[in-house]
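> any chance you can model this:
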Amino acid sequence: MVIFLITFTVSSLVSNSHAVQMTTVLSPRQNEADPIFTANRFITIQFDEGSELAKKLSTINENVRFKANVSTPGMAELISGINRDIFTEKQSPINIENATVDYTGALKGSSDRLIVSYKIVFTPIITGFTLPSNNSGSTNSLVDLDWRGFHTSRPLTLQVPDIGNVSINYPLSLLQVKLPEIAQQLNSSEAAEIFRTPLFNFEDIATPMERWHFLFDPTGSQASSAGSGYQELGGARVVSIFSLGESSFREGVMEAKESDATALVDGANVQIHSSTPPPSGQIQIAGFATVTKNGNSEIAFVSENAPEGTSTATGGFPIQVLGILGGMMAAISVLVLWKARK
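Numbers count the residues shown, from 1 in each chain. Next up, the predicted model:
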């Protein structure tokens, strides 16, 4: 029954991987990870069928695709800007050392609408999430989790060969590349806010960890065999898996973000609808992890082995775990103050 539960939960996450907005595997010992953040959005521009605007946009079928890395002009500024935002907004000690971007923007017209879609995959290499401990002889670790829900309003502009300057954070930029006249009119309309709303907003991934589903795999074998991306890291065979996006009575309902506006384009009234998928994510931590909150900070206490009698899925923690958490609160309080002073 336990094996079935583990396999079913992890497999469900894998089958919906196309919608995952953040996934990562953390090893406290290695103190380095490459989380994957995916920004998705869909914007529909609806117009009257048979109108002059329909004649212009109905046949549009355009794509902008590119990959960027540290050698791409603008990437160094992008990384340093996000690092500053994470430190300022989250007081997190993590540092992005490197990153890649995989950008896909598409425009697809039909008789009465133009659908604009965005998918930007941001894969940073981060260090520093394992917090320093005042107990040098302990095999337990403290892991910072606050960085996961970062957001930035910076344009994050990259200079892309054969395309030009592209803001990967502002939806308007795609239209500026492919439909500059339409973009100019939208940018000066009541719908401008929709096209200026940043794509790199992962604030919903900062949903309190108590609303994430918890799964503990005592061997790591189920997570590995299910193809979830788990690797045996830092000498730990056990794995703690936290997942967000499963709507239930305990976790609550995760909803899409919707917004609407109107605009005048080429003399025609258009209706604009924007939709961002509900938040979803997965955090795998090498070892047995329990999360505690102190103020606005959430920290995972990670041990290589779970206390006897630990539940394998979301539910009440055994008394041994509660005792360990109680003993760690003083150390965690000190570390929260340390983070705030950094």
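
> put the alpha carbons of stretch 39-49 into PDB.
Extracted in PDB, the C-alpha atoms of stretch 39-49 (Å, rounded to 0.1, in the frame of the first residue of the first chain):
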ATOM      1  CA  ALA A  39       6.800  31.100 -16.700                       C
ATOM      2  CA  ASN A  40       3.600  30.400 -18.700                       C
ATOM      3  CA  ARG A  41       0.900  32.800 -19.900                       C
ATOM      4  CA  PHE A  42      -1.800  32.900 -22.500                       C
ATOM      5  CA  ILE A  43      -3.200  36.200 -23.900                       C
ATOM      6  CA  THR A  44      -6.200  36.200 -26.200                       C
ATOM      7  CA  ILE A  45      -7.000  39.300 -28.400                       C
ATOM      8  CA  GLN A  46     -10.600  38.900 -29.700                       C
ATOM      9  CA  PHE A  47     -12.000  41.000 -32.500                       C
ATOM     10  CA  ASP A  48     -15.000  41.000 -34.800                       C
ATOM     11  CA  GLU A  49     -15.000  38.300 -37.500                       C
END
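
> what distance separates it from the centre of its chain?
23 Å (C-alpha atoms, centre = their mean, to the nearest Å).

> and that stretch, what's its mean pLDDT?
With pLDDT averaged residue by residue, stretch 39-49 scores 97.

> now that stretch: buried residues?
Of the residues in stretch 39-49, Ala39, Asn40, Arg41, Phe42, Ile43, Thr44, Ile45, Gln46, Phe47 count as buried by neighbour count, 16 or more other C-beta atoms under 10 Å. For the C-beta atoms, the positions are set from N, CA and C on the backbone; glycine is no exception.

> what about stretch 68-83, average pLDDT?
Mean predicted confidence for stretch 68-83 is 98.

> contacting residues around it?
Taking C-beta atoms under 8 Å, 6 or more residues apart in numbering as the criterion, the residues outside stretch 68-83 that touch it are 95-96, 98-101, 103, 124, 150, 152, 154, 156-160, 165, 168, 200.

> taking these one by one, which sit in strands?
Cross-referencing the contacts of stretch 68-83 against strands under DSSP state E gives 95-96, 98-101, 103, 124, 157-160, 165.

> buried among those residues? Make that a ChimeraX selection.
Restricted to buried positions by 16+ other C-beta under 10 Å, the ChimeraX selection for those reads:
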select :95,96,99,100,101,103,124,157,158,160
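
> where does this structure have low pLDDT?
1-20, 134-138, 219-237, 247-252, 309-342 (pLDDT under 70).

> going along the chain, name the helices of it.
2-15, 52-57, 75-90, 172-178, 180-187, 192-196, 221-225, 319-341 (DSSP state H).

> just to revisit the earlier point, and of the ones in strands among the contacts of stretch 68-83, the nearest to Val116?
When those are compared for distance to Val116 (C-beta to C-beta), Tyr103 comes out closest, at 13.6 Å.

> measure Asn61 to Leu174 for me?
14 Å (C-beta to C-beta, to the nearest Å).

> tell me, what's touching these two both at once?
Leu107.

> more crowded one of these two?
Neighbours around Asn61 and Leu174, counted as other C-beta atoms under 10 Å, are more numerous at Leu174. The numbers are 26 against 10.

> once you drop chain neighbours, what's closest to that one?
Distances taken as C-beta to C-beta, 6 or more residues apart in numbering put Gly105 closest to Leu174, at 4.0 Å, once the chain neighbours are dropped.

> surely that neighbour meets Phe66?
No. Gly105 is not in contact with Phe66 according to C-beta atoms under 8 Å; the separation is 9.4 Å.

> between the two, which one's more packed in?
Gly105 (23 against 17).

> show the contacting residues for the more buried one.
Asn63, Val64, Arg65, Val116, Ser117, Tyr118, Lys119, Leu174, Val177.

> ok, 10 Å please
41, 62-66, 116-120, 166, 168, 171, 173-175, 177-178 (C-beta atoms under 10 Å, 6 or more residues apart in numbering).

> could I have the PyMOL command that selects the buried members from those residues?
Here is the PyMOL command that selects the buried residues among those (16+ other C-beta under 10 Å):
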select buried, resi 41+64+66+116+117+118+119+120+166+168+171+173+174+175+177+178
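
> please name the bridge partners of the residue nearest to Leu174.
Val64, Tyr118 (DSSP bridges).

> picking that back up, spit out the residues that contact Gly105 and Phe66 alike.
Contacts common to Gly105 and Phe66, judged by C-beta under 10 Å, 6+ apart, are Val166, Ile168.

> what comes up buried for stretch 84-95?
So for stretch 84-95, counting by 16+ other C-beta under 10 Å, buried means Asp85, Ile86, Phe87, Glu89, Lys90, Gln91, Ser92, Pro93, Ile94, Asn95.

> what's the end-to-end length of that stretch?
9 Å (C-alpha to C-alpha, to the nearest Å).

> contacts for it next, please.
31, 33, 35, 79, 83, 96, 124-132, 144-154, 200, 203, 206, 295-297, 335-336, 338-342.
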